[in-house]
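In: Quick one: sequence plus predicted model below, questions after.
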Amino acid sequence: MKLGLDASFLSFSHFFCSFVVLFLFKTLTWSLLKQFPGENGSLVLTIVTIWELFSSHLCSLSPESCQCPSLDSLFLSLSLPHTPINTIEIPQFHPALVFLKPERTMLQSNPPLLQHYGELVLHPAEFPALVCDEQKKGVAMEECQLPLIDLDDLNSDNERERLACSRAICRASSEWGFFQVVNHGMSPELLRRMRREQMKLFQTPFERKTTWGLLNNSYRWGTPTATSPKQFSWSEAFHIPLSQISEGACYGEYNSLRQVMKEFAAAMSKIARLLAGILAENLGNQKGVFEDICDESTCFLRLNRYPACPISQEIFGLVPHTDSDFLTILCQDQVGGLQLMKDSQWVAAKPNKDALVVNIGDLFQAWSNNVYKSVEHKVMANRTMERYSIAYFLCPSYDSLITSCREPSVYRKFTFGEYRSQVQEDVKKTGYKVGLPRFIL
Ligand SMILES: C=C1C[C@]23C[C@@]1(O)CC[C@H]2[C@@]12CC[C@H](O)[C@@](C)(C(=O)O1)[C@H]2[C@@H]3C(=O)O
Ligand SMILES: O=C(O)CCC(=O)C(=O)O
Ligand SMILES: [Fe+2]
């Protein structure tokens, strides 16, 4: 019995002493570091490392009572500056940092995604069930080949082949909302030039990307409206209105980029209009029905970059969403990560180096009265590789009225401008896009 008493007494006194010492150490550390708010990385590093040794030693002594202090809160209370890259070794053994990559971690990068994400992790408005069950269980995500359509068949001398190709496009747009096209007419050289310019553009210093109003002030990074990790996109993008693409003023040293983007957008536009015409004709409309309401000035080119995410591959590169347009043509690299909802399951779209991905947008789903589907999709971050993609959005003018081509209509009439405003209002208020359900009759 005596032994039992000593043991519990010892562990209590261990805990009590360690708590007092830890408290005093943290207070001293915190007040000392407040004098050097993150500017003197080595001082931060020294103290943090001592802190780690100390707290992990205490944790080893009395793990059940271990209140390992969160290093994150220490960093964030220091509000480490959003200044040029400041790389420090994150001790591998800190329990609170188990989700950070063991080797070097970029606390400050271009863009400073980790800093922003760290704040969300510490102060989420809601604790997310970040990943669906399959990913939780570490089950490899099922990878699927999207329906593959050879656009050369549309030029066949054989009418049956042409018809079969059109039907395949319409069937995929109804059943998948996604498909991929080969022999699309986009030259590999143009694709290479576009990728080169895209990579050069994103290498622009973060400060310049956020303050110079580049490409009609179209730069976006992370998710400013996010209030929890599951609303956060580990990516950056230029969402460029094509109406500005020809004006040299907003390009300066990016002149070569302007030229390539003009050629690239023209090629994407041609493919988008060809497909939209086939889809419209299939519903008994004129092929050119979209020509009037979707001209060059109303469409967008979205350049996406997904930096490698050292934290986890369970983080969204781009959060689940549907596209707010008629049709999207996507040019992606071979890294992978794009997933789409199919039969209430997420499936990974296997990249195909010769193909462009096509997906139906919200406006085509409304216009077709739900015949074609605007399907939810997302991008999962990659732990080691950065990823690039370019999306061309076939959009109408903001005053275009979106009406159903069939009666009774599922949705009320709305203009594209009204739709965009509603999406932005919902994202601002709730952190999520609602989209078409807002317009159901
Ligand atoms: C087609 C688009 C819809 C979207 C902007 C984008 O060009 C590509 C990403 C989409 C997304 C996903 C997360 C958010 O819901 C959203 C508001 C955003 O910022 O990017 C939507 C955009 C949207 O629907 O406006
Ligand atoms: O990068 C991708 O694969 C998808 C991008 C996307 O969904 C978008 O830009 O709307
Ligand atoms: Fe999208």
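Out: Alright, I've got the coordinates. Ligands and ions are numbered 1, 2, ... in the order given.

In: which stretch of helix or strand covers the residue of the stretch 251-400 of the chain at minimum distance from ligand 2?
Out: Residue nearest to ligand 2 within the stretch 251-400 of the chain: residue 389 (3.3 Å; C-beta to the nearest ligand atom). The C-beta positions use only the backbone N, C-alpha and C, and glycine is treated the same way. Assigned by DSSP states H and E, residue 389 falls within strand 387-394.

In: Repeat that for residue 328.
Out: Element membership for residue 328 (DSSP H and E) is strand 327-332.

In: Now the element after that strand, going C-ward?
Out: Moving toward the C-terminus from strand 327-332, the next helix or strand (DSSP H and E) is strand 338-342.

In: And that next one, how far out from the chain middle?
Out: 14 Å (C-alpha atoms, centre = their mean, to the nearest Å).

In: does it come close to ligand 1?
Out: No: using C-beta under 6 Å from any ligand atom, strand 338-342 stays clear of ligand 1, coming no nearer than 12.3 Å.

In: could we number from 265 for the rest of this?
Out: New numbering, starting at 265: the last item is strand 602-606.

In: So what are the sheet partners of the helix or strand following that strand and their directions?
Out: Going down the chain from strand 602-606, the next helix or strand is strand 609-613, by DSSP H and E. Strand pairing for strand 609-613, using DSSP bridges, gives strand 407-408 (parallel), strand 602-606 (antiparallel).

In: if we can go back for a sec, so what secondary structure elements neighbour the strand holding residue 653?
Out: Secondary-structure packing of strand 651-658 (3 or more C-beta pairs under 8 Å, 6 or more residues apart in numbering; DSSP states H and E): helix 452-466, helix 519-546, strand 564-570, strand 591-596.

In: Dump these to a markdown table, plus mean neighbour count.
Out: Shown next, in a markdown table, are the helices and strands packed on strand 651-658 (neighbours: other C-beta atoms under 10 Å):
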| stretch | mean neighbour count |
| --- | --- |
| helix 452-466 | 16 |
| helix 519-546 | 19 |
| strand 564-570 | 22 |
| strand 591-596 | 24 |
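
In: To what extent is whichever residue of the stretch 315-464 of the chain sits closest to ligand 2 buried, counted in neighbours?
Out: In the stretch 315-464 of the chain, the residue that lies nearest ligand 2 is residue 442 (10.6 Å; C-beta to the nearest ligand atom). Residues lying near residue 442 (other C-beta atoms under 10 Å) number 25.

In: who's in contact with it?
Out: For residue 442, the contacting residues are 410-411, 436, 604, 613, 621-624, 639, 641, by C-beta atoms under 8 Å, 6 or more residues apart in numbering.

In: likewise residue 444?
Out: Neighbours of residue 444 in contact, by C-beta under 8 Å, 6+ apart: 410-413, 613, 616, 619-622.

In: and if we set it to 7 Å?
Out: Counting by C-beta atoms under 7 Å, 6 or more residues apart in numbering, residue 444 touches 410, 412, 616, 619-622.

In: Now list the buried members of the residues you listed.
Out: Restricting these to buried positions leaves 410, 616, 619-622, with burial counted as 16 or more other C-beta atoms under 10 Å.

In: so what's residue 602 closest to, chain neighbours aside?
Out: Spatial nearest neighbour of residue 602, excluding adjacent residues (C-beta to C-beta, 6 or more residues apart in numbering): residue 613 at 4.6 Å.

In: just the helices in the protein please.
Out: Using DSSP state H, the helices of the chain run over 266-299, 305-325, 335-341, 377-386, 397-400, 423-439, 452-466, 470-475, 478-481, 519-546, 553-557, 626-631, 680-694.
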